[in-house]
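In: structure here, sequence nowhere to be found:
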């Protein structure tokens, strides 16, 4: 199958959604499918105002005409719009004009993110989210709790799809090693990985009264203020995934303080590395952690932290093995909607991108495609 993926989140951005999509593309290609990715790097871009200090976090500026050309050139069997950014809206509009069915996905707390970034009321963000996904032939969501809440809000055609985790990169080591960038740390080592923003509730972790050391990997609009208020925390910023895997391996417990909607990629990576998770009993942690031995959930994060430390590393790893990319990619494929052959239109000459298994992006040639018979 030839799949067209449209996303506002892609390399060189560094965050969980990018990792999810890159891993998904690689797994699909391993399974013999062709994936064409349309992403911000193919357009003129502008930095998001609230991410001005973070390289790579930019949006496509006026993508319409070029995006339409790229989509037509792909002649895909199925179209998936992964994000609700400028590329997502432009792709949605093109599909509706052409009568092309497409699927979408809800990956996290979009209304909360908009509220924290630009002050948009939660009700407005929810309405915008519902409007974006309303014409989708299938809206993929990461857990049943979120799916049920979205049903209550009027969302339709919802389908479960939980992203997987790279269990080879994030692996269980026989013994923990000190971090080269920091040196030996006092144990237990508590770790947070993710954006430093309001909706992530990071300060609940930073203020947690527990022994040992605290390590934070990530950037965001709250980064400078949090660093100033918590100078005893080890701040590592954004790290390449190979280095991040080493950080997970050095930790004793992963603290996930977010109370909002999330797919929980960092929790999966921690558990795959043998690190139990401490979290609140909300959607995401309840499904990934609370229903197995991957960690502990509790209304008191300190209680969850102590309970998580009692869990053996191999138990956390076993929970993550249930979420490998082989199973996840199969569910993703089953959720796609295949375009009728007569809708795979003859494109105008243009460029697209194809992502090879190593993640490199290569341009397609200026070549006319034959019409589909």
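Out: It's in. What you see is a predicted model, and the numbers here were worked out from it, not measured in a lab.

In: quick check: the gap between residue 201 and residue 164.
Out: Between residue 201 and residue 164 the computed distance is 25 Å (CB to CB, to the nearest Å). Heads up, the C-betas are built off the backbone N, CA and C, glycines and all.

In: and the two? which has more neighbours close in?
Out: Taking neighbours as other CB atoms under 10 Å, residue 201 and residue 164 compare with residue 164 leading, 25 against 16.

In: surely that one is in contact with residue 322?
Out: No. Residue 164 is beyond contact range of residue 322, at 9.8 Å (criterion: CB atoms under 8 Å).

In: tell me where the stretch 1-150 of the chain has strands.
Out: 2-6, 34-38, 45-47, 58-60, 78-81, 103-105, 138-141 (DSSP state E, counting those that start in this stretch).

In: so where's this structure shaky on pLDDT?
Out: Scanning the chain for pLDDT under 70 picks out 48-57, 108-125, 174-175, 261-262, 291-292, 344-373.

In: ok, and what's touching stretch 156-168?
Out: 20, 23-24, 27, 103, 105, 134, 136-144, 147, 150-151, 263, 265, 268-269, 271-272, 287, 320-321, 323-329, 331-332, 335 (CB atoms under 8 Å, 6 or more residues apart in numbering).

In: show me which residues of it are buried.
Out: Buried residues in stretch 156-168, counting neighbours by 16 or more other CB atoms under 10 Å, are found at 158, 159, 161, 162, 163, 164, 165, 166, 167.

In: ok, the closest residue to residue 290 other than its chain neighbours - contacts?
Out: Excluding the flanking residues, the one nearest residue 290 by CB to CB, 6 or more residues apart in numbering is residue 297, at 4.5 Å. Counting by CB under 8 Å, 6+ apart, residue 297 makes contact with 278, 279, 280, 281, 285, 286, 289, 290, 304.

In: how about residue 297, phi and psi?
Out: The phi/psi pair for residue 297 (degrees, to the nearest 10) reads phi -120, psi 140.

In: ok, now residue 179?
Out: According to degrees, to the nearest 10, residue 179 has phi -80, psi 130.

In: contacts only, for the residue nearest to residue 200 when sequence neighbours are not counted.
Out: Leaving aside its sequence neighbours, residue 200 sits nearest to residue 258 (CB to CB, 6+ apart; 5.1 Å). The contact partners of residue 258, by CB under 8 Å, 6+ apart, come to 109, 194, 199, 200, 201, 279, 280, 282, 284.

In: okay, residue 258 and residue 79: tell me how far apart.
Out: Counting by CB to CB, the gap from residue 258 to residue 79 is 30 Å.

In: do a quick rundown of the strands in the stretch 251-373 of the chain.
Out: Using DSSP E, counting those that start in this stretch, strands in the stretch 251-373 of the chain cover 253-256, 277-279, 295-297, 353-355, 361-363.

In: neighbouring strands - and their directions - for the first one?
Out: Partners of strand 253-256 in the sheet, by DSSP bridges, are strand 189-193 (parallel), strand 277-279 (parallel).

In: dump the ones you listed into JSON lines; add mean neighbour count and distance to residue 70 as well.
Out: What follows is the strands paired with strand 253-256, written out as JSON lines (neighbours: other CB atoms under 10 Å; distance: least, CB to CB, whole Å):
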{"stretch": "strand 189-193", "mean neighbour count": "25", "distance to residue 70": "33"}
{"stretch": "strand 277-279", "mean neighbour count": "29", "distance to residue 70": "39"}
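
In: these: which one's closest to residue 9?
Out: strand 189-193 (16.6 Å; CB to CB).

In: off-centre distance for the closest one?
Out: Distance, stretch centre to chain centre, for strand 189-193: 19 Å (CA atoms, centre = their mean, to the nearest Å).

In: cool, stretch 165-183 as well?
Out: Here the centre of stretch 165-183 is set off from its chain's centre by 21 Å, with CA atoms, centre = their mean.

In: now do stretch 83-100
Out: Relative to where its chain is centred, stretch 83-100 has its mean C-alpha point 20 Å off (CA atoms, centre = their mean).

In: over to stretch 156-164?
Out: Mean-position distance between stretch 156-164 and its chain equals 13 Å (CA atoms, centre = their mean).

In: cool, and stretch 177-184?
Out: 27 Å.

In: could you list the buried residues of that stretch?
Out: Buried-residue list, stretch 177-184, by 16+ other CB under 10 Å: residue 179.

In: still on that earlier bit, how about a markdown table for the contacts of residue 258, with distance to residue 16 added?
Out: Formatted as a markdown table, those follow (distance: CB to CB, whole Å):
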| residue | distance to residue 16 |
| --- | --- |
| 109 | 12 |
| 194 | 7 |
| 199 | 13 |
| 200 | 11 |
| 201 | 16 |
| 279 | 15 |
| 280 | 18 |
| 282 | 17 |
| 284 | 12 |
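
In: in stretch 202-222, what's buried?
Out: Neighbour-count burial for stretch 202-222 flags 202-206, 208, 210, 213-222 (criterion: 16+ other CB under 10 Å).

In: residue 147: neighbour count?
Out: Residue 147 has 18 nearby residues by other CB under 10 Å.

In: oh, that last question was meant for residue 332, not what I typed.
Out: With other CB under 10 Å as criterion, residue 332 counts 23.

In: same check, this time on residue 230
Out: 16.

In: right, and residue 92 touches residue 102 too?
Out: Yes. Counting by CB under 8 Å, residue 92 touches residue 102, with 7.3 Å between them.

In: between those two, what contacts are shared?
Out: With CB under 8 Å, 6+ apart, residue 92 and residue 102 have common neighbours residue 81.

In: how is the protein divided into domains?
Out: 2-164+325-363, 189-323 (automatic domain parsing).

In: in TSV, list those along with distance to residue 183.
Out: Written out in TSV, the entries for these read as follows (distance: least, CB to CB, whole Å):
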stretch	distance to residue 183
domain 2-164+325-363	24
domain 189-323	10
